[in-house]
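Colleague: got a sequence here, can you build the structure:
(chains A and B)
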Amino acid sequence: MTTVLAPVGEAPGSARTRPARGGRRRPSRARWWVVLAFLSPFAVGFCVFVLYPVAATLYYSLTDFQAGSYRPVQFVGLRNYRALFEQSDTFWVSVRNTLWMVVVMVPLRTAWAMFTAWVIIRVRRGRAVYRTLFFLPSMVPVVAAALSFIVLLNPVGPLNRLLGLVGVDGPGWFADPAWSKPSLVLMALWASGNVMVIFSAAMLDVPRELYEAAELDGAGTLQKFRSVTLPAISPVIFFALLTGMIYTFQYFTEAFVASSSANATSSSNDLIGYPANSLLFYSTELYRQGFGYFKTGYASAMAWLLFLVIFAATVVFIRASRRFVHYSGGGR
Amino acid sequence: MFKPITGAAAVTAAGVLLLAGCTSTGPASSQPDTAITPGASHAATTVTVWTFNHLPNEVAAFKETLNRLHSKYPWLTVKFVPNKDDAAYAKAVAAGDPPDVFVSSVPDNVAKFCYNGTVADVGPYLTSARIDAAKTFPAATLAYTRYQGKQCALPLLTDAFALYYNKQMFKAAGITEPPRTLAELTADAKKLTVKNSDGSIKTYGFVPRSDYDVNRYLYTGAHSGTEFYGKDGRTTFASDAKWQQLLKWDQGLIDYYGSANVQKFVGRYQPHADDAGNPLLTGAAAMEFDGEWHVGEIATEKKDFDYGVVPMPVLDGSSGTYGAGSTLGTVAYLSAGSQHKQEAFFALQQLTTDTTFLNTLADTVYNVPSTFAALKAWDQRDDPHWKPFVDVFENKNSTYKTLTPAGIEDMDTWRAFLLDYEQGKVTDVASGLAGVGKKIDDLNSESGQ
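Modeller: Predicted coordinates for the structure are as follows:
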């Protein structure tokens, strides 16, 4: 069921099978215009909403442009990029916090989703119900989910009251710099249903014969998981880790809502990173620089650096994946 | 090869010109025409006013005044847009469509907007309208609305800060007079601290940590006889030993309670600083540094609460400044890019000088009126809870830190340092202060100071 698209100007199955005398027919200019006309909605949208903003941020990153300023914009070369590394303490705080989330949250979320999928596919009755229950949280809008967790994990909220009943003095969660990031991880685990569904589909897709062969060889549950399930679902693990990493490098909404809701003060800058900059992530710092301090050039440099880091990390990860990702049919 | 290269160069040049063209171009001259004569006829004009205010009672107070303005001057229609912040304003300016007047909740960007030409100098408009700023607005408000001699904004209500204390707790602890120095405050705080049987703290005398509620304004210099910026425009953290004294006082109280307990207090009460769960109201704190709006909140949340308000105690050795404090408030800008500056200023003038409006809004949002005339006419000025704030506001030593084109970034840098210090991450206070001072000075040099 593969479809081969014929080049423009050629009727499918005609030009290839019956080449015109004197070589391939060149598409007429009029037909190119028709194609371009059909493409134009996308092309215009792409140019206006993607290409231009991307080019603009690259240009701004090389200037001292400030949003709302009428001062002439000066070209400053790479000064904004140098300033990131040389001057800003908060930049490095945001980098550390973001890396913490990439290193801790992404693997934990992937492992948790894999574990729940593994448990659910073993349930004999009501599997669909359990799968739905685990999946539902991922359908909750991020802001609503964050607000719910703020209430649940309030220092005097329901969870700490429950902990108090068993004699445990609960932590401050989002209000405590030491617990704010783990609280976000908890929220991410709760909302990992979308990844769980992909894992459960992948696990159900593993050929039964492989398990039967492993059983004949005397493999136990754990060994079957390690030697059969894991290699078979490795493309899904790779997908979950890669998309999780890209998402977490740009982590914003959950942290912004958590910071603002745990802080009652009215100034918008106070909300970012609270408590004690423990929830200051790269994207929230970028937001503060761009929309709190109006340093559009500097914020654009941050955006480009983030893009380059994500791009490099993705390339490295894809290359590294060749060692552990197994595709069915022997491909790697 | 020539054609493709010239083609690419042309595309690149066009692209750069396009990108460069998308940054805002300078507005027309901000010199006023002849001032509008209230009684004279005028062409129908619509001006847009944006404000940060968003609560229904605040919006209603604005709308009532603007409707009154329209009835009085039918040629003037004001399109009122609530719930806008400084970021939205900057974006509107960048997009080339700023509101004519913008009311911001804090003055931190006054110097930045002024330096960048975002807002007009209203000085000439005041002159043309025969308004003497010094005779209309108290000096404390002029300090946070001016930059390098330009009147970049006008005050629209103000905030003052003072010490709230629970009278019953003072009485129970045998304290007859509220503290006047920080050393007295510490001694009283210790007397007022009550522990539970399990050793946990039931009542904190006073929590000084800089990220709790509005405590950051304890550390701007107004209560320590210090100035954030010296006469040369540079920070005084390294040169004035009082900053070290102030930080040691802060750390002393935190150490007394224990860092973990203070963290618990801040974590638990920060979201409830302005509601019925406020620690002063619940008995979890005996004293609290807060703004004047808290008087209104207490009246709403716990009417029979027995409390007093006095100026914030000052660092020992700075007794000459007792009675003063940080004062800053809402500011109203006239956009440099406004197409109807004269008419917009007329609306701005009504909002910032109309006594009825100012006092109605002050009673609505629990702020202090910001003109001499409104203060004089304000029926709350002799109320025992409001009077201390009016006194702080009118004190000649009350001020906010000097504003710079760095906007709020200097305060954010200082606050980040304070938090590091309070969490024990700064071991050498002197070099830490020198370091953060240099950082802020560098920030200001880059911003154009």
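Colleague: point out where the chain drops to low pLDDT.
Modeller: No chain specified, so I'll use chain A. Within chain A, the segments meeting pLDDT under 70 span A:1-27, A:264-270, A:329-332.
Colleague: sorry, I should have been clearer: chain B.
Modeller: In the predicted model of chain B, residues B:1-35, B:38-40, B:449 satisfy pLDDT under 70.
Colleague: next one: the host helix or strand of residue B:334 to chain centre, how far?
Modeller: According to DSSP states H and E, residue B:334 maps onto strand B:331-334. In terms of C-alpha atoms, centre = their mean, to the nearest Å, the gap separating the centre of strand B:331-334 from the centre of its chain is 13 Å.
Colleague: tell me what the helix or strand following that strand is packed against?
Modeller: Scanning forward in sequence from strand B:331-334 by DSSP H and E, the next helix or strand is helix B:341-353. Applying 3 or more C-beta pairs under 8 Å, 6 or more residues apart in numbering or on different chains; DSSP states H and E, one finds that helix B:341-353 contacts strand B:45-51, helix B:56-72, strand B:76-81, strand B:101-104, helix B:123-128, strand B:154-155, strand B:331-334, helix B:355-365. (Each C-beta comes from the backbone N, C-alpha and C, glycine too.)
Colleague: what's next to whichever strand or helix holds residue A:283, contact-wise?
Modeller: Assigning secondary structure by DSSP H and E places residue A:283 in helix A:282-287. The contact list for helix A:282-287 (C-beta atoms under 8 Å, 6 or more residues apart in numbering or on different chains) reads A:90-91, A:93-95, A:97-98, A:249-252, A:255-256, A:259, A:272-273, A:299, A:302-303, A:306.
Colleague: which of these fall within helices?
Modeller: Here DSSP state H is the test, and these give A:90-91, A:93-95, A:97-98, A:249, A:255-256, A:259, A:299, A:302-303, A:306 as lying in helices.
Colleague: from the residues you listed, list the ones also adjacent to chain B.
Modeller: Restricting the ones in helices among the contacts of helix A:282-287 to those within reach of chain B (C-beta under 8 Å from any C-beta of the partner chain) leaves residue A:90.
Colleague: out of the ones in helices among the contacts of helix A:282-287, what pair is the most spread apart?
Modeller: The largest separation in these, counting by C-beta to C-beta, is between A:259 and A:303 at 20.4 Å.
Colleague: more neighbours, these two?
Modeller: residue A:259 (25 against 22; other C-beta atoms under 10 Å in any protein chain shown).
Colleague: tabulate the helices and strands packed on helix B:341-353 (CSV), appending distance to residue B:270 and mean neighbour count.
Modeller: Compiled in CSV, the helices and strands packed on helix B:341-353 are given as follows (distance: least, C-beta to C-beta, whole Å; neighbours: other C-beta atoms under 10 Å in any protein chain shown):
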stretch, distance to residue B:270, mean neighbour count
strand B:45-51, 26, 21
helix B:56-72, 23, 15
strand B:76-81, 30, 18
strand B:101-104, 23, 26
helix B:123-128, 40, 18
strand B:154-155, 28, 28
strand B:331-334, 26, 27
helix B:355-365, 21, 20
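Colleague: of all those, which one is nearest residue A:312?
Modeller: Checking the helices and strands packed on helix B:341-353 against residue A:312 by C-beta to C-beta gives strand B:101-104 as the closest, at 40.5 Å.
Colleague: name every strand pairing with the closest one and say which way it goes.
Modeller: Strand partners for strand B:101-104, identified by DSSP bridges, are recorded as strand B:45-51 (parallel), strand B:331-334 (antiparallel).
Colleague: helices or strands up against the helix or strand following that strand?
Modeller: Proceeding C-terminally, strand B:101-104 gives way to helix B:110-115 as the next helix or strand, assigned by DSSP H and E. Helix B:110-115 sits against strand B:146-147, with contacts defined as 3+ C-beta pairs under 8 Å, 6+ apart.
Colleague: for the strand it packs on, the distance to its chain's centre please.
Modeller: Distance, stretch centre to chain centre, for strand B:146-147: 14 Å (C-alpha atoms, centre = their mean).
Colleague: so what touches the helix or strand following it?
Modeller: Remark: after strand B:146-147, the chain's next helix or strand is strand B:150-151, criterion DSSP H and E. Counting contacts by C-beta under 8 Å, 6+ apart, the residues outside strand B:150-151 that touch it are B:114, B:121-123, B:126, B:133, B:142, B:145.
Colleague: ok, 7 Å please
Modeller: Strand B:150-151 is touched from outside by B:114, B:121-123, B:126, B:133, B:145, with contacts defined as C-beta atoms under 7 Å, 6 or more residues apart in numbering or on different chains.
Colleague: contact residues of the stretch 1-150 of chain A facing chain B?
Modeller: Contact residues of the stretch 1-150 of chain A with respect to chain B, defined by C-beta under 7 Å from any C-beta of the partner chain, are listed as A:55-56, A:59, A:65-71, A:73, A:89-90.
Colleague: not counting its neighbours along the chain, what's nearest residue B:187?
Modeller: Closest residue to residue B:187 apart from its sequence neighbours, by C-beta to C-beta, 6 or more residues apart in numbering or on different chains: residue B:179 at 7.5 Å.
Colleague: what residue in the stretch 201-350 of chain B comes nearest to chain A?
Modeller: Nearest residue of the stretch 201-350 of chain B to chain A, counting by C-beta to the nearest C-beta: residue B:267, 3.1 Å away.
Colleague: where's that residue, which helix or strand?
Modeller: If you go by DSSP H and E, residue B:267 is part of helix B:259-269.
Colleague: list the buried residues for that helix?
Modeller: B:261-269 (16 or more other C-beta atoms under 10 Å in any protein chain shown).
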